[in-house]
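In: Below: sequence and its predicted model.
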Amino acid sequence: MNAKKVLLPVSIVAVALAAALAAGCGGKQTPVARVEVDPRLVQVPFSEARAVRLTWTPSAPLEGETPTVFVHLLDDKKKVSRTFDHPFPQRWREGAPLTDEFKVYQSALAQPLPAGKYQVVVGLYGKDRAREIRRSLDPQCLSGFRKNEKYEIEHSDVFLTVDNGDFVFLDCAYEEVLQSIGPINDTDSVPWTMFNDNVSMGFFDVYDQYILNLLYHPRIKAGMTVAEVKAVLPQVLPEVRAWVKKVNNLPE
């Protein structure tokens, strides 16, 4: 795998708790600390990590709250490409400097970032905002894939939770693994497919077997147009129906 290097100019920013509570995106509030960043520039090849040291000097009290540090990696359009949020390392004490070290990295589980320069923005948010973020994410399952210029899948990632019960695990496992090999989009127009987010199945049902067997039939090629697929469906569908019927022991 070819390594892609990403230049990360780390900027010193005004740190404001209220701005961080507003998701750390553009708020203008009274700063509560100064922060020094070292080093100011790092190179991060794909699948590697680099340490960055923050030296905080709190300049205002936070009423006993221990904040969370947000670290957002921004691309040249100021969009968030990665986040490296982590708990503030010590009890917040006004006027008492402390060091906080974190790692900027490109995970081998994610797609490589495009080579170029990125800005790292640092700030704080409190307990209320942390709860909002956890509620909004509440991850149970996630999948994605990378395709080439011919629309062929080259790499897939699937993330599953294992502590939400067997049914949720199986429902996520089937849906995300299947979506990661092709039918990535969800639909609410078909009530009998696991690709409908309003449907929880926990097993690979016949309708979805049709979808996957059609997608991977030798006559269905990556990059085909809708019209091209429709043209070969009359020949493909009987073979798919016969195969699904055979492997599921379906009646005549």
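Out: Sure thing, it's come through.

In: Checking my notes, Tyr151 in a strand, right?
Out: No. Applying DSSP: H, G, I helix; E, B strand; the rest coil, one finds Tyr151 to be coil, outside a strand.

In: got the phi/psi numbers for it?
Out: phi 70, psi 20 (degrees, to the nearest 10).

In: doesn't Thr225 make contact with it?
Out: No. With contact defined as Cβ atoms under 8 Å, Tyr151 does not reach Thr225; the gap is 10.9 Å. Just so you know, the C-beta spots here come from the backbone N, C-alpha and C atoms, and that holds for glycine as well.

In: got any residues that touch both of those two?
Out: Shared contacts of Tyr151 and Thr225 (Cβ atoms under 8 Å, 6 or more residues apart in numbering): none.

In: Outside of the lengthiest helix in the chain itself, list whatever touches it.
Out: Longest helix in the chain by number of residues (criterion: DSSP state H): helix 226-248. For helix 226-248, contacts defined as Cβ under 8 Å, 6+ apart pick out Val206, Gln209, Tyr210, Asn213, Leu214, His217, Arg219, Ile220, Leu250.

In: Among those, which one sits closest to Gln119?
Out: Nearest to Gln119 out of those is Ile220 (Cβ to Cβ; 43.5 Å).

In: Name the helix or strand for the closest one, please.
Out: In the assignment (DSSP states H and E), Ile220 maps to no helix and no strand.

In: Quick check: it vs Ser156, distance?
Out: Using Cβ to Cβ, to the nearest Å, Ile220 is found at 18 Å from Ser156.

In: And Glu36, by the same measure?
Out: 41 Å.

In: out of these two, which sits in the busier spot?
Out: Neighbours of Glu36 and Ser156, each counted by other Cβ atoms under 10 Å, are more numerous for Ser156; the result is 17 against 13.

In: show me where pLDDT drops low in the chain?
Out: The model of the chain has pLDDT under 70 over residues 1-30, 63-65, 107-111, 127-140, 164, 198-202, 252.

In: Please, where are all the helices along it?
Out: Under DSSP H, the chain gives helices at 17-21, 127-137, 166-179, 206-215, 226-248.

In: Now distance to Arg93 too, for the ones you listed, in a markdown table please.
Out: Formatted as a markdown table, the helices of the chain follow (distance: least, Cβ to Cβ, whole Å):
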| stretch | distance to Arg93 |
| --- | --- |
| helix 17-21 | 15 |
| helix 127-137 | 18 |
| helix 166-179 | 42 |
| helix 206-215 | 56 |
| helix 226-248 | 63 |
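
In: Check those for me and report the most buried one.
Out: Highest mean neighbour count of the helices of the chain: helix 17-21, a mean of 21 (counted as mean count of other Cβ atoms under 10 Å).

In: Without its sequence neighbours, what residue ends up closest to Asp75?
Out: Closest residue in space to Asp75, ignoring its immediate chain neighbours: Ser81 at 5.0 Å, by Cβ to Cβ, 6 or more residues apart in numbering.

In: The one you found contacts Leu74, doesn't it?
Out: Yes. Using Cβ under 8 Å, Ser81 is in contact with Leu74, at 6.7 Å.

In: Can you name the residues that contact the nearest residue to Glu176 once chain neighbours are set aside?
Out: The shortest distance from Glu176 to any non-neighbouring residue, by Cβ to Cβ, 6+ apart, is to Ser143 (3.8 Å). By Cβ under 8 Å, 6+ apart, the contact set of Ser143 is Ser156, Asp157, Val158, Phe159, Glu175, Glu176, Val177, Gln179, Ser180, Ile184.

In: Many thanks, have a good one.
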